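[1] Sequence first, predicted model second:
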Amino acid sequence: MPLTLSILVIGKSNYYWKMGMKKSIFVLLLCAATGINAGDIALSFDDAPTASSAVMSGVDRTTAIIKALKEGAVPDALFFVTTNNIQIKGRERLNQYVQAGYHLGNHSHAHLSANKVSVNDFMSDAYQAHLILKAYGSTEPYFRFPYLHYGQNKEAVNALQSHLAELGYSNGYVTADNFDWYINAALVKAKKAGKTIDYERLGDLYVDVIWQGIMFYDDIAIKTLGRSPKHVLLLHENDVAALFLPKLIRHIKKMGWNIITPKQAYADPIAKIIPDVLFHKQGRVAALAHSKGMPTSALRHASESQEYLDDLLNSAQVFK
Ligand SMILES: [Zn+2]
């Protein structure tokens, strides 16, 4: 059954509740009928704490994200901190996440690309972030490479992995990639230009794009690993997350998926396999699929493109 049809079926779900069908049975039947796997996914947010924007202040952004996570009963989330972003208010915002029960990971100090700088330069920057993050009580030992760039060549990739391991870090990989950052940039640009923003349509588009990405990489995993791994969703600590996280969390659950802790996700066996390839930019599932012979062109979802998203935003008339 195509996804659009399955969504229509879900739209009618209240009818089935009233008919006395238990939700869990309904979701199982639905998954069987649609071929949609009821998977597990953890949420992660990069680049925290991000600067205030034309849409909202950084403080309001953090408050909204925490509220959405709490109301959505998300058991934990990882905020990958770029420590050079920390200003006075930023420090308070990171503490807010920690006090709310969420965890921080290392996303480097200056957001350098490991594909563009030497192993030494990259590591001294990562170490600087490591020292700064020690001030916060609730860090988890995961390092996420900026831009998901893992190193200039295989020697550099291996050297960086082992140096980070010496510092106690595991790889904070993602499995589901997307261009949420571009949707956010389009929103901020439209706001600055004084355009009218249809937040309803923008929220629907955001959820749809993120969900399509999850389905795309889950499908690749099933084809190449023979199973759905515990996923890690890449998001950013941005305005679209603050605005539409409640909608996204509702959608993930409505589709029968569970939101798990990042720690549970990183306990999946794929955490132990760093594929011997240079292609890591689309996440761990894509890298594994590539190591098994799938071409990189088949490992990038159509929506991971600025032109595609511009067309989508234009045809939905999100900004007027
Ligand atoms: Zn980043």
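    Looks like it arrived, so ask away. Residues are numbered from 1 along each chain as shown.
[2] For the residue of the stretch 201-320 of the chain found nearest the ion, which residues are in contact?
    Among all residues of the stretch 201-320 of the chain, H236 sits closest to the ion, at 7.0 Å; criterion: Cβ to the ion. Any C-beta I mention is one placed from the backbone N, CA and C, and that applies to glycine too. With contacts defined as Cβ atoms under 8 Å, 6 or more residues apart in numbering, H236 is in contact with F45, D46, D47, T50, D180, W181, N184.
[3] Check Y102 too.
    I66, L69, D76, A77, L78, F79, S138 are the contacts of Y102 under Cβ under 8 Å, 6+ apart.
[4] and which of the residues you listed is nearest to A287?
    The shortest approach to A287 among these belongs to L78, at 19.5 Å (Cβ to Cβ).
[5] Looks to me like that closest one is in a strand.
    Yes: L78: assigned to a strand according to DSSP: H, G, I helix; E, B strand; the rest coil.
[6] I'd like the distance between it and the ion.
    For L78, the distance to the ion under the criterion Cβ to the ion, to the nearest Å works out to 13 Å.
[7] Just to check, that residue is in contact with P262?
    Yes: using Cβ atoms under 8 Å as the test, L78 is close enough to P262 to be in contact (4.3 Å).
[8] what do those two both touch?
    What both L78 and P262 touch, as defined by Cβ under 8 Å, 6+ apart, is the set A42, L43, S44, H103, E140, Y142, G172.
[9] nearest residue to the third one other than its sequence neighbours?
    Counting by Cβ to Cβ, 6 or more residues apart in numbering, the nearest residue to S44 once its immediate chain neighbours are dropped is L78, at 4.5 Å.
[10] any idea which element P141 lies in?
    Using DSSP states H and E, P141 sits in strand 139-143.
[11] anything in that strand near the ion?
    No: judged by Cβ under 5 Å from the ion, strand 139-143 makes no contact with the ion; its nearest approach is 11.9 Å.
[12] so what does the helix or strand immediately after that strand in the chain touch, helix or strand wise?
    Moving toward the C-terminus from strand 139-143, the first helix or strand encountered (DSSP H and E) is helix 154-166. Helices and strands touching helix 154-166, by 3 or more Cβ pairs under 8 Å, 6 or more residues apart in numbering; DSSP states H and E, are helix 119-133.
[13] What are the buried residues along the helix it packs on?
    Along helix 119-133, these residues count as buried under the neighbour rule (16 or more other Cβ atoms under 10 Å): V119, F122, M123, D125, A126, Y127, A129, H130, I132, L133.
[14] distance between it and the chain's centre?
    Computed by Cα atoms, centre = their mean, to the nearest Å, the separation of helix 119-133 from the middle of its chain amounts to 23 Å.
[15] Now do the contacts for the residue in the stretch 51-200 of the chain positioned nearest to the ion.
    Using Cβ to the ion, the closest approach of the stretch 51-200 of the chain to the ion is made by P146 at 4.6 Å. Contacts were defined as Cβ under 8 Å, 6+ apart; by that measure P146 touches T82, H107, S108, H111, L112, S113, A114.
[16] How about D204?
    By Cβ under 8 Å, 6+ apart, the contact list for D204 reads K247, A316.
[17] Next, it: secondary structure please.
    helix.
[18] S44 too?
    With three-state DSSP as the criterion, S44 was assigned strand.
[19] partner residues bridging it?
    S44 forms beta bridges with L78, L234, as assigned by DSSP bridges.
[20] To what extent is it buried, counted in neighbours?
    As a burial measure, S44 scores 25 neighbours (other Cβ atoms under 10 Å).
[21] Surely it touches E237?
    No: in this structure, S44 sits apart from E237 without contact. The criterion is Cβ under 8 Å, and the distance is 9.8 Å.
[22] what sits in contact with each of these two?
    By Cβ under 8 Å, 6+ apart, S44 and E237 have these common neighbours: F79.
[23] backbone phi and psi for the closest residue to A190 other than its chain neighbours, please?
    The shortest distance from A190 to any residue that is not its chain neighbour, by Cβ to Cβ, 6+ apart, is 4.0 Å, and that residue is F319. Geometry field for F319 lists phi and psi as phi -110, psi 130, criterion degrees, to the nearest 10.
[24] So what sits opposite F319 in the bridge?
    With DSSP bridges applied, F319 shows beta-bridge pairing to I197.
[25] for V174, what are its contacts?
    V174 makes contacts with S44, R144, L148, V232, L233, L234, G283, R284, as judged by Cβ under 8 Å, 6+ apart.
[26] ok so, going back, restrict the contacts of H236 to contacts with the ion.
    D46, D47.
[27] Export the contacts of H236 as TSV, with columns for pLDDT.
    Converted to TSV, these look like this (pLDDT from 0 to 100):
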residue	pLDDT
F45	98
D46	98
D47	98
T50	97
D180	98
W181	98
N184	98
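[28] Which of the contacts of H236 fall within helices?
    Of the contacts of H236, the ones assigned to helices by DSSP state H are D180, W181, N184.
[29] PyMOL command for the buried members of these?
    This is the PyMOL syntax for the buried subset of these, where burial follows 16+ other Cβ under 10 Å:
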select buried, resi 180+184
